[in-house]
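# The sequence isn't on hand, but the structure is:
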């Protein structure tokens, strides 16, 4: 945990993790691990016929990395909501860097909560996922 | 093109069991070493009765145990090569653990056209309950169709 969670301030970056580069092997194994067998992520011929340069990462694989960065920093039992927009496709070779910053402190359902803005960016700084989490403090 | 008549389409309920070996495979693929997911003692120290699942794994359970994981595409005659995942949201209501038996009830809750009809956004909402009938999560995904 990078920052003590009990008294975060708006603007604190409490989530940050960088992952190994995305490989074809990861996409194939993630297809098996997730039950998402859409060939666009594992069959280059299929991806090219659909108008893409090559296979690209399952959005949920990258959201899985973002979730891992999140629960490395915030205990899972405090997570109330987690969402993302898939802003752009994540190409082979991408090195995904995940960050989460406190944007709001509030109370709901009788507990103090923080809202975090989350991003997953590649090695060029291009945003792939732009999301949000609500955590109990 | 998919239109408003798709709203209300309800898919066959999916029954899924959280199996430890499949969960470990998921964790290994993503390189997740967090002991709370792998070690019963760590899970109990965090207040869980068993090892919990990571935050995005619900969707995997639904796809792995659904007899037809692409049922909605078939029902709406959507070509799988034309879809992208636009958005995903999870609202957590209760913990999900290894050994739990979950039921997923999924329906189409919205259809919008964007960019002059070049894209169609389909909102798909899933209510997830455990073996005690307790709601554990709501999941909402937006499927983008490149028309």
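Perfect, I can see it now. Everything numeric here is computed off the predicted structure, so don't read it as measured data.

# residue ranges for the helices of the chain, please.
I'll assume chain A. A:24-34, A:44-49, A:59-73 (DSSP state H).

# um, chain B though
Going by DSSP H, chain B shows helices at B:20-30, B:35-38, B:40-45, B:57-65, B:71-75.

# got these as JSON lines, with distance to residue A:53 columns?
All C-beta atoms are positioned from the backbone trio N, CA, C, and that covers glycine. Converted to JSON lines, those look like this (distance: least, C-beta to C-beta, whole Å):
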{"stretch": "helix B:20-30", "distance to residue A:53": "24"}
{"stretch": "helix B:35-38", "distance to residue A:53": "35"}
{"stretch": "helix B:40-45", "distance to residue A:53": "42"}
{"stretch": "helix B:57-65", "distance to residue A:53": "26"}
{"stretch": "helix B:71-75", "distance to residue A:53": "24"}
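
# contacting residues for the residue nearest the centre of chain A?
The residue lying closest to the centre of chain A (C-alpha atoms, centre = their mean) is residue A:66, at 2.4 Å. Residues near residue A:66 by C-beta atoms under 8 Å, 6 or more residues apart in numbering or on different chains: A:84, A:98, A:118, A:120, A:129, A:131.

# Apply 6 Å and report the result again.
A:98, A:118, A:120, A:129 (C-beta atoms under 6 Å, 6 or more residues apart in numbering or on different chains).

# hang on, the earlier thing: out of the helices of chain B, nearest to chain A?
Nearest to chain A, of all the helices of chain B, is helix B:57-65, at 3.3 Å by C-beta to the nearest C-beta.

# just checking, what packs against that closest one?
strand B:14-17 (3 or more C-beta pairs under 6 Å, 6 or more residues apart in numbering or on different chains; DSSP states H and E).

# which other helices and strands contact the strand it packs on?
So strand B:14-17, by 3+ C-beta pairs under 6 Å, 6+ apart, packs with helix B:57-65, strand B:101-114.

# what is the mean pLDDT for it?
For strand B:14-17, mean pLDDT rounds to 97.

# go on, stretch B:120-132?
98.

# Tell me the spatial nearest neighbour of residue A:17, not counting adjacent residues.
With sequence-adjacent residues excluded and distances taken as C-beta to C-beta, 6 or more residues apart in numbering or on different chains, residue A:17 is closest to residue A:69, at 3.8 Å.

# Surely the one you found touches residue A:18?
No. Between residue A:69 and residue A:18 there is no contact under C-beta atoms under 6 Å: 8.8 Å.

# neighbour-wise, which of those two wins?
Using other C-beta atoms under 10 Å in any protein chain shown as the criterion, residue A:69 and residue A:18 rank with residue A:69 on top: 22 against 13.

# that older thread, any idea which of the helices of chain A is most buried?
helix A:59-73 (a mean of 24; mean count of other C-beta atoms under 10 Å in any protein chain shown).
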